[in-house]
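J.: Coordinates only, no sequence provided:
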């Protein structure tokens with residue numbers, strides 16, 4: 001297949017993002033039936049307008065922002081570790097976030113339905129607990145990455161950092177399961193968090209994710225030359241005069257911040273960060289400086305589209321968006337593996 005030119009791909013992804021956000025603003029409990037009619041009614045009916053502008057639009061835009069964060073983090077992870085199977089959760093951030101949420105649920109004794117279960121009946125209590133879970137997930141993800149860095153003794157050795165991330169992920173995952181063993185009333189809420197949900201993303205969360213995404217994208221774009229050098233090998237990167245230690249630390253920080261912010265708002269959503277960079281590489285040829293924004297756009301499109309399918313496929317019920325991304329993303333990677341041979345030739 002002839003590679004698509006980078007500007008054309010960027011334009012197509014921006015157009016798809018705008019279309020998906022507009023479409024998502026009209027998809028509600030009736031599924032995909034006449035979404036444009038709902039948007040037209042919003043100009044005349046104040047009730048419909050409130051539903052569109054205060055619930056559907058921030059949720060759809062939040063899904064796009066979370067996907068963009070994960071896509072960017074995945075591109076950084078794959079370049080940093082020089083591994084096509086690297087994903088944003090590689091440094092233990094997912095297990096850390098899950099442990100933080102499990103501890104908050106166990107300590108609060110409430111919010112058993114915050115992520116899609118029986119729910120909190122009082123609006124103020126609902127958002128108070130929501131804020132607590134969001135903060136716990138973010139703090140857990142960041143502390144897990146810091147623990148990984150401490151065990152790896154910094155970022156000088158990529159293999160040690162990778163192994164430390166695997167160990168931290170396993171240990172924190174086991175601790176999270178142990179917490180739930182003593183707090184079974186939190187299992188329903190925890191299960192929904194593990195499957196991912198965009199149902200409670202509001203305007204404040206959108207602004208936060210878009211702001212963090214812009215900062216992380218700018219930082220990663222500036223440091224993209226380091227990833228290009230690492231792609232040629234550490235010896236070559238050092239011969240080019242790149243200070244690998246500080247550059248790696250900055251890239252790990254950007255990846256951790258992007259991942260922690262997305263996980264804190266939407267829960268654990270699989271395969272978006274892994275598949276988005278692969279889709280970009282399969283479509284166009286570019287350096288990491290071009291890959292970063294394209295992977296971010298691709299991640300936003302993937303998660304936004306998955307959220308629309310999750311909302312409309314079995315309306316008025318919803319499917320967990322993390323299940324859809326896992327099935328579709330895993331299916332895509334298996335298809336590429338089948339077409340191109342061993343995993344080493346995946347990219």
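T.: Good, I have the coordinates. Computed from a prediction, not measured in an experiment: that's the story for all the values here. Residues are numbered from 1 along each chain as shown.
J.: what's residue 270 sitting at in phi/psi?
T.: With angles defined as degrees, to the nearest 10, residue 270 sits at phi -90, psi 150.
J.: which ones are touching it?
T.: By Cβ atoms under 8 Å, 6 or more residues apart in numbering, the residues touching residue 270 are 196, 322, 325-326, 329. Where you see a C-beta, it was placed from the backbone N, CA and C, and this is true even at glycine.
J.: check which helix or strand covers the residue nearest the centre of the chain.
T.: Closest residue to the average C-alpha location of the chain: residue 70 at 3.3 Å, with Cα atoms, centre = their mean. Using DSSP states H and E, residue 70 sits in helix 57-81.
J.: ditto for residue 206
T.: Residue 206 belongs to helix 203-222, assigned by DSSP H and E.
J.: which residues sit against that helix?
T.: With Cβ under 8 Å, 6+ apart, helix 203-222 has contacts from 54, 58, 61-62, 65-66, 68-69, 72-73, 75-76, 134, 250-251, 253-255, 257-258, 261-262, 265, 289, 292-293, 296.
J.: Also compute the angle for that helix relative to helix 57-81, please.
T.: Counting by axes from the mean of the first three to the mean of the last three Cα atoms, to 10 degrees, helix 203-222 lies at 30 degrees to helix 57-81.
J.: quick revisit: would you tell me what the next helix or strand after the helix holding residue 70 is?
T.: Later in the chain than helix 57-81, the nearest helix or strand by DSSP H and E is helix 93-108.
J.: now the angle from that following helix to helix 57-81?
T.: Going by the same axes, to 10 degrees, helix 93-108 makes 130 degrees with helix 57-81.
J.: So for helix 93-108, mean pLDDT?
T.: Averaged over helix 93-108, pLDDT sits at 86.
J.: ok, now stretch 180-190?
T.: Averaged across stretch 180-190, pLDDT comes to 81.
J.: can you pull the buried residues of it?
T.: 180, 183, 186, 188-190 (16 or more other Cβ atoms under 10 Å).
J.: End to end on it, go ahead and measure it.
T.: For stretch 180-190, the first and last residues are 8 Å from each other (Cα to Cα, to the nearest Å).
J.: on that earlier part again, what is the orientation angle of whichever helix or strand comes after the helix holding residue 206 with helix 203-222?
T.: Scanning forward in sequence from helix 203-222 by DSSP H and E, the next helix or strand is helix 224-231. Angle of helix 224-231 versus helix 203-222, following the same axes, to 10 degrees, is 60 degrees.
J.: can you give me how far helix 224-231 is from the chain middle?
T.: 23 Å (Cα atoms, centre = their mean, to the nearest Å).
J.: Can you tell me the SS state at residue 194?
T.: Recorded secondary structure, residue 194: helix (DSSP: H, G, I helix; E, B strand; the rest coil).
J.: Name the nearest residue to it, ignoring sequence neighbours.
T.: Spatial nearest neighbour of residue 194, chain neighbours left out: residue 268 (5.4 Å); criterion: Cβ to Cβ, 6 or more residues apart in numbering.
J.: and that neighbour, that one's in a strand?
T.: No: under the criterion used here (three-state DSSP), residue 268 is coil, not part of a strand.
J.: Now that it has come up, it's in contact with residue 197, right?
T.: No: shown here, residue 268 and residue 197 do not form a contact pair, counting by Cβ atoms under 8 Å, at 9.9 Å.
J.: what residues are shared contacts of those two?
T.: Common neighbours of residue 268 and residue 197 (Cβ under 8 Å, 6+ apart) are residue 322.
J.: So between these two, which is more surrounded?
T.: Using other Cβ atoms under 10 Å, the more surrounded residue of residue 268 and residue 197 is residue 197, with 24 against 21.
J.: If I look at the more buried one, what pLDDT would I see?
T.: 84.
J.: go on, the one 4 residues further on?
T.: Predicted confidence (pLDDT) at residue 201: the value is 86.
J.: How about the contacts made by the residue nearest to residue 194?
T.: 89, 94, 97-98, 193-196, 322.
J.: Same check on residue 298?
T.: Counting by Cβ under 8 Å, 6+ apart, residue 298 touches 13, 71, 276-277, 279-280.
J.: sorry, back to before: buried subset of the contacts of helix 203-222 as a ChimeraX selection?
T.: Here is the ChimeraX command that picks out the buried ones among these, judged by 16+ other Cβ under 10 Å:
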select :58,61,62,65,66,68,69,72,73,75,76,134,250,251,253,254,255,257,258,261,262,265,292,293,296
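J.: Quick check: the gap between the residue nearest to residue 194 and residue 144.
T.: Taking Cβ to Cβ, to the nearest Å as the measure, residue 268 falls 13 Å from residue 144.
J.: which ones are touching residue 271?
T.: 87, 325-326, 328-330, 333.
J.: By neighbour count, which of those wins?
T.: Neighbour max across these (other Cβ under 10 Å) = residue 325, 28 neighbours.
J.: Low-confidence stretches in the protein?
T.: The model of the chain has pLDDT under 70 over residues 1-4, 28-45, 48, 109-131, 155, 232-242, 244, 315, 340-347.
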